[in-house]
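Undergrad: Build the 3D model from these lines:
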Amino acid sequence: MKQTIFSGMQPTAQAPHIGNYLGALLPNREMHKEYNSYYFIADLHAITIPQDPKAFKEAIYASYAMLLSVGMDPKSSTIFVQSQNPYHSELSWILNCFTPMGSLSRMTQFKEKSEKQKEYVSVGLFDYPVLMAADILLYDVSTVPVGEDQTQHVEITRDIATRFNGKYGETFILPQVKIVKDVARIMSLQDPTKKMSKSDENQNATLFLLDTKEQIAKKIGSAVTDSERTIVFDKNRKGLYNLLSIYKSVTGKDESVIENEFKGMGYREFKEAVSEAVWGLVKPIQSTYHELINDKPALDRLMKEGAAKSIAVAEKKVREVKEKIGFIL
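TA: Numbering: from 1, shown residues only. Here you go, the predicted model:
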């Protein structure tokens, strides 16, 4: 029997960049093939900061469509929108009653985010880890792939589950952390000492999955390199090394093969080859994305199917929890 894995992403109108895809979405997709897999759009988590309703709705659609476009399979995985399953909120309230205030006040991300949101810090921001615990514990999750900054959330999930199990008997599986390290560490095209970022003020620094062929060629054409002539993998030549890393990740070729391929070439020909390779990667993603995002009824159907699959599992867990506590069902 397959173990269960669970992960998600907050909705955003901004498309992922190629670093997000190569470093997180692609390895996540491959990892999810090995498990009984749940992937969700964390829209309830997103409202811990103010959202414009119209833009928020579009961001949910865009993020769901992008998940499918990069290859997450709704037939083999359960892909759903968090707010469309009421049991996440219901279990979150129950788990609040098994979570000490002190544990939440020590959460690093709450401290950091509340510092940034000094004017308005919501209870939701403080209580965020309990909702995350409910997300995980609803599905008997064995593995939670997270970045190193998220391990504390899984630890408090285990603490809450242990406290409940200790009082009412074995109910929740204690999830294990799987640290996701960037498989491909993609840097800024304009400052290769920094990671590529959605929020970079210089948009030429970032390759987005929805960039046009012309935009990709322009951005890679203006990417920082150096004055040396040879095209080889040298970590000290940061700009060139970054472009070579992109090419290697996109094509799957070995470093020696790539160096031989570009032997005797100049930067113009090299950058053109990188641009073509990147366009070859994103073109089918864009084709699927635009087809989906322009057919909201189809997206609604897929969301409804994903919600129904998740509800069927979550309802059983919440019923078990309520019976153990003593609610009349």
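Undergrad: what about Lys116, neighbour count?
TA: 9 (other CB atoms under 10 Å). No exception for glycine: its C-beta is placed from N, CA and C like everyone else's.
Undergrad: right, and the helix or strand after the helix or strand harbouring Thr78?
TA: In this structure, Thr78 is located in strand 77-81 according to DSSP states H and E. Using DSSP H and E, the helix or strand that follows strand 77-81 towards the C-terminus is helix 87-96.
Undergrad: coming back round to it: just the CA trace of the strand holding Thr78, in PDB.
TA: Presented in PDB, the C-alpha positions along strand 77-81 are these (Å, rounded to 0.1, in the frame of the first residue of the first chain):
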ATOM      1  CA  SER A  77      -3.700  12.500  -7.500                       C
ATOM      2  CA  THR A  78      -6.300  14.400  -5.500                       C
ATOM      3  CA  ILE A  79      -6.000  18.100  -6.600                       C
ATOM      4  CA  PHE A  80      -8.400  20.400  -4.900                       C
ATOM      5  CA  VAL A  81      -9.100  23.900  -3.600                       C
END
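Undergrad: what distance separates the helix-or-strand element of the chain with minimal mean pLDDT from the centre of its chain?
TA: Least confident helix or strand, the chain: helix 108-116 with a mean of 74, by mean pLDDT, DSSP states H and E. Here helix 108-116 is found 20 Å from its chain centre; the criterion is CA atoms, centre = their mean, to the nearest Å.
Undergrad: same question, stretch 293-302
TA: Counting by CA atoms, centre = their mean, stretch 293-302 comes out at 21 Å from the chain centroid.
Undergrad: Identify the neighbouring strands of the strand holding Thr78 in the sheet and state each direction.
TA: Strand 77-81 has the following strand partners under DSSP bridges: strand 36-41 (parallel).
Undergrad: need the next SSE after the strand it pairs with, C-terminal direction.
TA: Past strand 36-41, the next helix or strand by DSSP H and E is helix 43-46.
Undergrad: In a strand, Phe6, correct?
TA: Yes. Counting by DSSP: H, G, I helix; E, B strand; the rest coil, Phe6 is part of a strand.
Undergrad: State the number of residues packed around it.
TA: 24.
Undergrad: hang on, the earlier thing: just how off-centre is the helix or strand that the least confident helix or strand of the chain is followed by within its chain?
TA: Using DSSP H and E, the helix or strand that follows helix 108-116 towards the C-terminus is helix 123-137. Helix 123-137 sits 17 Å away from the centroid of its parent chain (CA atoms, centre = their mean).
Undergrad: Noted, bye for now.
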